[in-house]
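Asks: model the structure of this input:
(2 chains)
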Protein chains: 2
Amino acid sequence: MSTTPLLEQLIEALRCLPGVGQKSAQRMAYQLLERNRDAAVRLSKTLAEAAEKIGHCEQCRDFSETPVCQICMSPSRDKHLLCVVETPADRLVIEQATGFRGFYFILQGRLSPLDGLGPKELGLDKLATRMAHGEIKELIIATNPTVEGEATSHYLAQLARQFDVHPSRLAHGVPLGGELEYVDRGTLAHAFGSRLEMLE
Amino acid sequence: MSTTPLLEQLIEALRCLPGVGQKSAQRMAYQLLERNRDAAVRLSKTLAEAAEKIGHCEQCRDFSETPVCQICMSPSRDKHLLCVVETPADRLVIEQATGFRGFYFILQGRLSPLDGLGPKELGLDKLATRMAHGEIKELIIATNPTVEGEATSHYLAQLARQFDVHPSRLAHGVPLGGELEYVDRGTLAHAFGSRLEMLE
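Replies: Residues are numbered from 1 along each chain as shown, chains lettered A, B, ... in the order given. Reported below is the predicted structural model:
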């Protein structure tokens, strides 16, 4: 007997959080019960409410409490640009880091037939309908530079061309502030192959 | 507008967990909503139940769903030994790592007048009553080797002597498997000063 049954359950339940193993879950449970029961109750309520009320935007598939999200409803954004990302987190970093003011489409995954993720699961029919409308001029593909992300990116580029939309993708290369010595071989080979002429 | 208001609330609520900052909270929220709503609901329920039902054992002050915890109720443990620890987590590691089969007393903190933690807050009156009973022969003091933990340990030792109980404390020194080169100076000086004669 190490802990009470309910405490065991709590530790087990906390392990559903990403990056939380047995030790961290235990520390979290102890800390919440020892010092922070109000926060635990608040977290419990917010979790239940979020799990129930947060759905997906009909247009971009991002998380939203309303049928269409704030970004998709914005009248000041550029209708000619659509940026495709894998996850809501990716959209958030792009929004925070760049000056991009077009619209987004969130795949909520990447093409991965082994996991049962095909074009339908990623909502590509919805994306095709949007491109068929004719307003979109450029499809900026910002999937992750992984094998599956690249496959998805090629599929999306082909799809875009069918609707006369120009596909583009993020530049890959040596990260700013990185040291060549520590950059992995694949990235370095890519950066070398894609070198740009320096103009005066 | 980066996320929905409810999502912001969830991220904020998740930050009450120890070791979870803005980035991790965001990743947790996204992962729960994207892939694991059932787990989120389960976590929410368990949290609420735990915050409501888990109290403290009347005897040892450990977490317990019953007035007296399982360990304190155990008839097979040695009534002459009482081990004092700072937190329930400390009790758990001692229980898991050692063959100790006496009883425990959990301070739920350490003497720290600046934080308003005095003998009363640590339940030392309760501890004194237990020692006055006369059954306890040895008080094993397992507070942390910090300044406050050491102060607490000295206070406890004095208290024990008042009731003719022998106080003892955990040995400090070089950790097993550690390399001398990486052991901090204080520990090394202590280990050196407390060196033991090697017997044949």
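
Asks: tell me, how many neighbours does the nearest residue in space to residue A:137 that is not next to it in sequence end up with?
Replies: Sequence neighbours aside, residue A:80 is the residue nearest to residue A:137 in space, at 4.1 Å (criterion: C-beta to C-beta, 6 or more residues apart in numbering or on different chains). Bear in mind the C-beta positions are built from the backbone N, C-alpha and C, glycine included. Residues near residue A:80, counting by other C-beta atoms under 10 Å in any protein chain shown, number 12.

Asks: surely residue A:80 meets residue A:139?
Replies: No - counting by C-beta atoms under 8 Å, residue A:139 is not a contact partner of residue A:80; they are 10.4 Å apart.

Asks: so what's residue A:41 up against?
Replies: Counting by C-beta atoms under 8 Å, 6 or more residues apart in numbering or on different chains, residue A:41 touches B:47-48, B:51.

Asks: mind putting these into CSV with pLDDT, distance to residue A:113 and secondary structure?
Replies: Formatted as CSV, those follow (pLDDT from 0 to 100; distance: C-beta to C-beta, whole Å; DSSP: H, G, I helix; E, B strand; the rest coil):
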residue, pLDDT, distance to residue A:113, secondary structure
B:47, 92, 37, helix
B:48, 93, 40, helix
B:51, 91, 44, helix
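
Asks: buried subset of these as a PyMOL selection?
Replies: Selection of buried members from these for PyMOL, criterion 16 or more other C-beta atoms under 10 Å in any protein chain shown:
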select buried, chain B and resi 47+48+51
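
Asks: near chain A, from the contacts of residue A:41?
Replies: Among those, the residues that sit close to chain A (C-beta under 8 Å from any C-beta of the partner chain) are B:47-48, B:51.

Asks: quick one: contacts for the most centrally placed residue in chain A?
Replies: By C-alpha atoms, centre = their mean, the mean C-alpha position of chain A lies nearest to residue A:87, the distance being 1.7 Å. Applying C-beta under 8 Å, 6+ apart to residue A:87 gives the contacts A:106-109, B:30, B:34.

Asks: let's see the pLDDT reported for it.
Replies: At residue A:87, the model reports a pLDDT of 88.

Asks: which stretches of chain A form strands?
Replies: Assigned by DSSP state E, the strands in chain A fall at A:55-56, A:63-64, A:81-85, A:103-106, A:138-142, A:166-169.

Asks: now render those strands as TSV, adding mean neighbour count and distance to residue A:179.
Replies: Formatted as TSV, these follow (neighbours: other C-beta atoms under 10 Å in any protein chain shown; distance: least, C-beta to C-beta, whole Å):
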stretch	mean neighbour count	distance to residue A:179
strand A:55-56	16	41
strand A:63-64	24	37
strand A:81-85	23	28
strand A:103-106	24	33
strand A:138-142	21	25
strand A:166-169	16	25
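
Asks: which one of those lies nearest to chain B?
Replies: Evaluated over these, closeness to chain B peaks at strand A:63-64, with 5.9 Å, by C-beta to the nearest C-beta.

Asks: distance between that closest one and the chain's centre?
Replies: 12 Å (C-alpha atoms, centre = their mean, to the nearest Å).

Asks: kindly report the same for stretch A:138-153.
Replies: From the chain centre to the centre of stretch A:138-153 is a distance of 12 Å (C-alpha atoms, centre = their mean).

Asks: residues in contact with it?
Replies: By C-beta under 8 Å, 6+ apart, stretch A:138-153 touches A:80-86, A:90, A:94, A:100, A:102, A:107, A:110-112, A:122, A:131, A:156-157, A:160, A:165-170, A:172.

Asks: switch to 6 Å and redo it
Replies: Stretch A:138-153 is contacted from outside by A:81-86, A:110-112, A:156, A:160, A:165-170, A:172, using C-beta atoms under 6 Å, 6 or more residues apart in numbering or on different chains.
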